[in-house]
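**Q** got a predicted model here, sequence first, then my questions.
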Amino acid sequence: QKEVEQNSGPLSVPEGAIASLNCTYSDRVSQSFFWYRQYSGKSPELIMSIYSNGDKEDGRFTAQLNKASQYVSLLIRDSQPSDSATYLCAVKMTGNQFYFGTGTSLTVIP
Amino acid sequence: DTEVTQTPKHLVMGMTNKKSLKCEQHMGHRAMYWYKQKAKKPPELMFVYSYEKLSINESVPSRFSPECPNSSLLNLHLHALQPEDSALYLCASSQEGAGTVGGYTFGSGTRLTVV
């Protein structure tokens, strides 16, 4: 079993819709969870971090964490074509080890 | 602009060349990392420098060698690379330590092509 799993996609949504990205992780004691956005050929950019169960909102982005289910998600409201990118889920596990998921490719269709 | 600076942004090198990738962070972070990323794949950890200790991913071939002149610099020396080493090389830093929860800050990356 991989430490961090994501659906690779591609995920396509129309402009203005909500994009929902999901991630599961294997280490039950993980405490830190991150979403990175990566445009093609560019480096990952941190867009959200979440540490407690529940929702965390920042502008059009909402991260949701459920530690009991070992599940973290990212919602993008009012999706824009500029949101088209690969979204990497990252989890900091025991020993401060970072694990990345394989990424979900998102395309927002104008 | 990023607070983790990588140079060069692009590098083309022959298989007999020796080159170096440079990475510098100005955030007082205690840990620095080198990752390799192939197209449509997640970043793969190569090296970690944390608390003056270097950790190596044992799957990384010896033609890659890291060097840490000080706590804000982590260079990657390249020698006798193969075409399959062509990738995006990412440097990152983080504030490590007990109780820290923060994520990584990545540099802009070096696009390496081995010919």
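**A** Perfect, I can see it now. Numbering: from 1, shown residues only, chains lettered A, B, ... in the order given.
**Q** okay, CA-based contacts and neighbour counts for the rest of this
**A** OK.
**Q** what about the strands in chain B?
**A** B:4-7, B:10-13, B:18-25, B:31-37, B:44-50, B:53-56, B:64-70, B:73-79, B:87-94, B:105-106, B:110-114 (DSSP state E).
**Q** up against chain A, what does chain B have?
**A** B:41-43, B:88, B:90, B:96, B:101-109 (Cα under 8 Å from any Cα of the partner chain).
**Q** coming back round to it: most tightly surrounded among the strands of chain B?
**A** strand B:87-94 (a mean of 26; mean count of other Cα atoms under 10 Å in any protein chain shown).
**Q** only C-alpha atoms, please: export that one in CSV.
**A** Extracted in CSV, the C-alpha atoms of strand B:87-94 (Å, rounded to 0.1, in the frame of the first residue of the first chain):
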residue,chain,number,x,y,z
ALA,B,87,14.3,15.5,-15.1
LEU,B,88,13.3,18.5,-13.0
TYR,B,89,15.5,18.8,-9.9
LEU,B,90,13.8,20.5,-7.0
CYS,B,91,15.3,21.9,-3.9
ALA,B,92,13.2,22.5,-0.9
SER,B,93,13.6,23.7,2.7
SER,B,94,11.5,23.4,5.9
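**Q** pull up the pairing partners for that strand, direction included.
**A** Here strand B:87-94 is paired, per DSSP bridges, with strand B:31-37 (antiparallel), strand B:105-106 (antiparallel), strand B:110-114 (antiparallel).
**Q** tell me how far the residue positioned nearest the centre of chain B lies from chain A.
**A** In chain B, the residue lying closest to the centroid (Cα atoms, centre = their mean) is B:Trp34, at 2.6 Å. From B:Trp34 over to chain A the distance is 12 Å, taken as Cα to the nearest Cα, to the nearest Å.
**Q** residue contacts, that residue?
**A** Residues in contact with B:Trp34 (Cα atoms under 8 Å, 6 or more residues apart in numbering or on different chains) are B:Leu45, B:Met46, B:Phe47, B:Val48, B:Leu76, B:Tyr89, B:Leu90, B:Cys91, B:Ala92.
**Q** identify, from those, the entry nearest to A:Pro44.
**A** B:Leu90 (9.0 Å; Cα to Cα).
**Q** which residues does the closest one bridge with?
**A** Going by DSSP bridges, B:Leu90 forms beta bridges with B:Tyr35.
**Q** in this structure it contacts B:Gly107, no?
**A** Yes. In this structure B:Leu90 lies within contact range of B:Gly107 using Cα atoms under 8 Å: 6.3 Å.
**Q** chain A against chain B: which residues are in contact?
**A** Within chain A, the positions adjacent to chain B are A:31-32, A:34, A:41-46, A:49, A:51, A:88, A:92, A:96, A:100-103 by Cα under 8 Å from any Cα.
**Q** 10 Å instead?
**A** Neighbours of chain B within chain A, by Cα under 10 Å from any Cα of the partner chain: A:8, A:31-36, A:40-46, A:48-51, A:86, A:88-92, A:95-96, A:98-105.
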